[in-house]
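Peer 1: based on what follows, work out the 3D shape:
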Amino acid sequence: MSALLEIEQLAAGYGTTQVLSGLDLSIAEGEVATLLGRNGMGKTTTIRALLGLATVTAGSVRFRGERIDGLAPERIARLGIALVPEGRQIFPNLSVEENLKAFAANRCKAREPWTYARVCDFLPRLAERRRNLGNQLSGGEQQMLAIGRALMTNPHLLILDEATEGLAPLVREDIWRCLHTLAAQGQAILVIDKYVTRLIELAKHHTIIERGRVVWTGTSAELDADHSVWHRYLGV
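Peer 2: Numbering: from 1, shown residues only. Down below sits the predicted model:
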């Protein structure tokens with residue numbers, strides 16, 4: 001598989017504060033990968049740097065062969081990267097249907113793109129609640145809406161930042177099922193989450209960072225075989 005995303009020796013932060021230093025990360029076409037680490041170690045900053053929302057001071061970010069560090073966030077999004085952000089951040093005063101249709105775009109030029117009807121088939125609870133405003137949804141429903149909204153852009157790369165955080169176990173299971181289905185369909189996904197066992201089942205490749213640096217990288221089999229890595233860097 002060819003490289004979809006290549007981050008090399010990335011240094012980034014906010015103002016005079018450097019958070020990332022010499023970070024490397026790559027994702028192949030159709031691959032599911034994770035970015036792991038304890039809270040405050042630079043995971044979200046990595047995503048923000050990738051999306052043009054944090055200042056990159058060294059290194060490079062390439063997406064589909066094009067260097068994107070330094071581009072405006074809206075231009076990066078139009079290249080086909082969609083984020084399901086921590087905290088969901090849906091539009092509270094728009095209906096479910098409006099939240100979804102506002103983001104409709106076939107950015108990856110798919111022959112069978114995600115449409116409003118297809119997203120509702122994939123996430124049937126959204127169809128049931130289509131006329132409800134965003135602020136009338138439960139936390140789990142809002143998370144499903146955030147995922148559906150990202151899919152409506154038909155991205156080459158889907159990024160999920162703590163998508164199962166704070167949700168009831170049954171809702172988390174629904175999200176894991178969604179992600180497994182997307183992975184089986186060949187959707188490239190980068191996941192930040194704390195449920196290592198579930199991530200090993202879902203993803204092929206894992207990168208662990210600590211204090212803005214990569215401290216471990218490997219396959220699911222390698223991560224599953226070495227639980228000392230979990231305790232050393234993930235607090236599991």
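
Peer 1: list the contacts of residue 145.
Peer 2: Contact analysis of residue 145 by CB atoms under 8 Å, 6 or more residues apart in numbering lists 88, 90, 96, 99-100, 126, 134, 137. Where C-beta positions appear, they are placed from N, C-alpha and C, glycine not excepted.

Peer 1: grab the nearest non-local neighbour of it.
Peer 2: residue 90 (5.3 Å; CB to CB, 6 or more residues apart in numbering).

Peer 1: and the one you found, that's in a strand?
Peer 2: No. Going by DSSP: H, G, I helix; E, B strand; the rest coil, the assignment for residue 90 is coil, not a strand.

Peer 1: my read: it touches residue 147, true?
Peer 2: No. Judged on CB atoms under 8 Å, residue 90 makes no contact with residue 147 at a distance of 10.5 Å.

Peer 1: between the two, which one's more packed in?
Peer 2: residue 147 (25 against 22; other CB atoms under 10 Å).

Peer 1: how about the backbone phi and psi for the more buried one?
Peer 2: With angles defined as degrees, to the nearest 10, residue 147 sits at phi -70, psi -50.

Peer 1: quick check, pLDDT for it.
Peer 2: The score at residue 147 is 96. That number is its pLDDT.

Peer 1: residues contacting the residue nearest to residue 145?
Peer 2: Per CB under 8 Å, 6+ apart, neighbours of residue 90: 99, 134, 137, 142, 145-146, 149.

Peer 1: pull out the buried positions in the helix or strand containing residue 224.
Peer 2: According to DSSP states H and E, residue 224 maps onto helix 220-225. Residues 220, 223-224 are the ones in helix 220-225 that count as buried (16 or more other CB atoms under 10 Å).

Peer 1: just stretch 205-214 next, same as before
Peer 2: Going by neighbour count (16+ other CB under 10 Å), the buried part of stretch 205-214 is 205-210, 212, 214.
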